[in-house]
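S.K.: Pasted the sequence and its predicted model underneath.
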Amino acid sequence: MSILDVLGLCVRSLVKRKLRTFLTLLGVIIGTASIVLMMSLGMATQAQFDDLMESMGADMTVITVRSAQWGRPTPGGGWAQPDDFVPELDDAAIDAFDQLPGVLVASPVIQGSVFFRSGRYVMEAWVMGVRPAALAQMGYTLQYGRFLEDGDEFGAVFGALAELDFYLPTDSEMPRGWNMWGLDLDNIEHFVDVFNDPILLSYDRRLAPWWTGGFMGSGMMDDDDDDFGGVDVDEFFRPITTFDLDVVGVLARVDETQPWRDRQIYMDIYVLQELDWLRREAQREDEQEWWGIFSPIPGVRERATFDTAFVRVENVDHTHRIAEAINDMGFWAEFHGEWIDIQRRQQEGIRVLLIAIAAISLLVAAINIANTMITSVTERTKEIGVMKVIGAAIKDIRRMFLLEAVMIGILGGIFGIGVSLIGSYALNNFDIEFLDGLRPPDMSGVMGEAPAVGDVVVSLITPSLLLLALGVAAGVGLVAGYFPARRATRLSALAAIRSD
């Protein structure tokens, strides 16, 4: 028998038993529509969360870790006091974070005040110190140059607008970096080409005197002068320790609406720690000389600990798990949009329950298809016997019943998709009060003015979801029809012909 002959027999059998076929199809329609609608609610909620995170400019793959020595917040909004033993946020802890499954990179983070000079122009900057290998994983892209590498020592990577913070101390105009909102950043004059001009750095602020509206803020003063920014003669002539800065790369713009985010400068964290140590030693000597107790013995270095670290994970699906693991280690871990992630997980729990209920209806539909096919095999026993006697192959009989079950599944899936599209339209365009609990959470407090009902996407149906639903419906029919088809092939031809 050709496939067309088998298909014709299937269609005639379904048309002959209209009521039974309709009732069987109805179960598949309800199950398919339920599955599609429940999944569309979840996809709409996820899309809204994604849009919200994008509008906030938050990166959900970055976890900020802090020491819990002063306590940490609790999920209920309270504050937990520190335990008897609070682990230190040191290099060993950072290495432990780096070994967690799903972590791309972990690095301590410190900030230090560093002073720069290039020719007549100076700058004071809060430089961010990170491990060199971590900078390339922080989500930045390069405008030119490269990221930091181990061994760069006094290497640095400048943000796209960081060089605009250079100013002329004696200039009467306010430094540009103090107010960037009124500047045409695309056509502004660059005082220093950080990638090519020589730049000196120092921990000594005398390298970059304060801007005081046209007067040197760290100029030479008399010994008795205690004016703001003034230093005595001895201090003024004390040599300034400087180092040659090597700018290895410049980052591309991060956010056009937030220019201050492009003013960051990155250096090796251990170099920045060394500069901070040298600064403290210089201050120690100054203070001891001031009080007349100068000692040439240097201070004792403490073991390096950090206030903050960042951890980047492979994708947002790992963020919550890894943050919990770090919290369990005794630290305080948080990430952007954590409260949004909590709401998203609550919504996911509700959706999983609803999808499970919808799946039960599809399971009932599968049982109904199997029952219908078994009844069909029983009613057509003699027909099966005749087909075997006249030479019909076993595979043709099996194919006939399997194809009939699959047709029920496909037809039910197509009509179920139609019902789900109508339901999705109703959810998106009408305010159905008893379905409010299935809507995404109200984000108007974060995203601005609450949108109108017609503008809220409550149900999001994609072509891939429709194809998946149709495939599931066809698969349900195939599985439900397997055992009835197998039973039909095992019937004895003579016994089938003799049956009433």
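M.R.: Sure thing, it's come through. Numbering: from 1, shown residues only.
S.K.: Now do the contacts for Gly119.
M.R.: Gly119 makes contact with 192, 197, according to C-beta atoms under 8 Å, 6 or more residues apart in numbering. Placement of C-beta: from N, CA and C, glycine included.
S.K.: could you pull out the strands for the stretch 201-350 of the chain?
M.R.: Remark: strands assigned in the stretch 201-350 of the chain by DSSP state E, counting those that start in this stretch are 243-251, 265-268, 308-313, 332-335.
S.K.: can you check the stretch 51-200 of the chain too?
M.R.: 62-66, 72-73, 79-80, 103-118, 121-130, 142-145, 155-158, 199-202.
S.K.: For those strands, please prepare JSON lines with the additional fields mean neighbour count, distance to Asn371 and mean pLDDT.
M.R.: Shown next, in JSON lines, are the strands of the stretch 51-200 of the chain (neighbours: other C-beta atoms under 10 Å; distance: least, C-beta to C-beta, whole Å; pLDDT from 0 to 100):
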{"stretch": "strand 62-66", "mean neighbour count": "20", "distance to Asn371": "53", "mean pLDDT": "89"}
{"stretch": "strand 72-73", "mean neighbour count": "16", "distance to Asn371": "56", "mean pLDDT": "71"}
{"stretch": "strand 79-80", "mean neighbour count": "10", "distance to Asn371": "57", "mean pLDDT": "70"}
{"stretch": "strand 103-118", "mean neighbour count": "20", "distance to Asn371": "52", "mean pLDDT": "91"}
{"stretch": "strand 121-130", "mean neighbour count": "20", "distance to Asn371": "65", "mean pLDDT": "90"}
{"stretch": "strand 142-145", "mean neighbour count": "13", "distance to Asn371": "65", "mean pLDDT": "91"}
{"stretch": "strand 155-158", "mean neighbour count": "24", "distance to Asn371": "69", "mean pLDDT": "94"}
{"stretch": "strand 199-202", "mean neighbour count": "22", "distance to Asn371": "81", "mean pLDDT": "94"}
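S.K.: of all these, which lies closest to Pro484?
M.R.: Taking C-beta to C-beta, strand 103-118 is the member of the strands of the stretch 51-200 of the chain nearest to Pro484, at 51.9 Å.
S.K.: Serialize the strands of the stretch 51-200 of the chain to CSV and add fields for distance to Asp193.
M.R.: Output for the strands of the stretch 51-200 of the chain, formatted as CSV (distance: least, C-beta to C-beta, whole Å):
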stretch, distance to Asp193
strand 62-66, 31
strand 72-73, 45
strand 79-80, 49
strand 103-118, 9
strand 121-130, 11
strand 142-145, 12
strand 155-158, 11
strand 199-202, 10
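S.K.: about what we covered before: which one of the strands of the stretch 201-350 of the chain is the most hemmed in?
M.R.: Of the strands of the stretch 201-350 of the chain, the one with the most neighbours on average (mean count of other C-beta atoms under 10 Å) is strand 265-268, at a mean of 24.
S.K.: tell me what that strand is packed against?
M.R.: strand 121-130, strand 155-158 (3 or more C-beta pairs under 8 Å, 6 or more residues apart in numbering; DSSP states H and E).
S.K.: thinking again about what came up before, dump the strands of the stretch 201-350 of the chain to CSV, plus distance to Val472 and mean pLDDT.
M.R.: Formatted as CSV, the strands of the stretch 201-350 of the chain follow (distance: least, C-beta to C-beta, whole Å; pLDDT from 0 to 100):
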stretch, distance to Val472, mean pLDDT
strand 243-251, 47, 94
strand 265-268, 50, 94
strand 308-313, 32, 91
strand 332-335, 35, 85
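S.K.: between those, which gets nearest to Val479?
M.R.: strand 308-313 (38.3 Å).
S.K.: Please tell me how far that closest one is from the chain's geometric centre.
M.R.: 13 Å (C-alpha atoms, centre = their mean, to the nearest Å).
S.K.: hmm, back to that, quick one, which of the strands of the stretch 51-200 of the chain gets closest to Ala370.
M.R.: Of all those, strand 103-118 sits nearest to Ala370, with 48.0 Å by C-beta to C-beta.
S.K.: quick one: Thr375 from Ala80, how far?
M.R.: Using C-beta to C-beta, to the nearest Å, we find Thr375 at a distance of 63 Å from Ala80.
S.K.: what about Glu274, distance to Val377?
M.R.: 84 Å.
S.K.: Break down this structure into its helices, ranges please.
M.R.: 3-16, 18-56, 91-98, 132-135, 233-237, 269-291, 316-328, 338-379, 381-389, 394-429, 444-447, 463-489, 493-498 (DSSP state H).
S.K.: Mean pLDDT lowest where, among those?
M.R.: Of all these, helix 444-447 carries the lowest average pLDDT, namely a mean of 46.
S.K.: before we move on, the earlier item: any idea which of the strands of the stretch 51-200 of the chain gets closest to Thr170?
M.R.: Between those, strand 121-130 lies closest to Thr170; by C-beta to C-beta that is 10.4 Å.
S.K.: quick one: the closest one to chain centroid distance?
M.R.: 29 Å.
S.K.: hang on, the earlier thing: who has more neighbours, Glu274 and Val377?
M.R.: Val377 (21 against 15; other C-beta atoms under 10 Å).
S.K.: Neighbours of Pro463, how many?
M.R.: 7.
S.K.: for Gly42, same thing?
M.R.: Other residues close to Gly42 by other C-beta under 10 Å number 21.
S.K.: circling back: take the helices of the chain and write them to JSON lines, including distance to Ala156.
M.R.: Output for the helices of the chain, formatted as JSON lines (distance: least, C-beta to C-beta, whole Å):
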{"stretch": "helix 3-16", "distance to Ala156": "71"}
{"stretch": "helix 18-56", "distance to Ala156": "29"}
{"stretch": "helix 91-98", "distance to Ala156": "21"}
{"stretch": "helix 132-135", "distance to Ala156": "10"}
{"stretch": "helix 233-237", "distance to Ala156": "28"}
{"stretch": "helix 269-291", "distance to Ala156": "9"}
{"stretch": "helix 316-328", "distance to Ala156": "29"}
{"stretch": "helix 338-379", "distance to Ala156": "32"}
{"stretch": "helix 381-389", "distance to Ala156": "83"}
{"stretch": "helix 394-429", "distance to Ala156": "51"}
{"stretch": "helix 444-447", "distance to Ala156": "36"}
{"stretch": "helix 463-489", "distance to Ala156": "46"}
{"stretch": "helix 493-498", "distance to Ala156": "88"}
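S.K.: Thanks a lot, catch you later.
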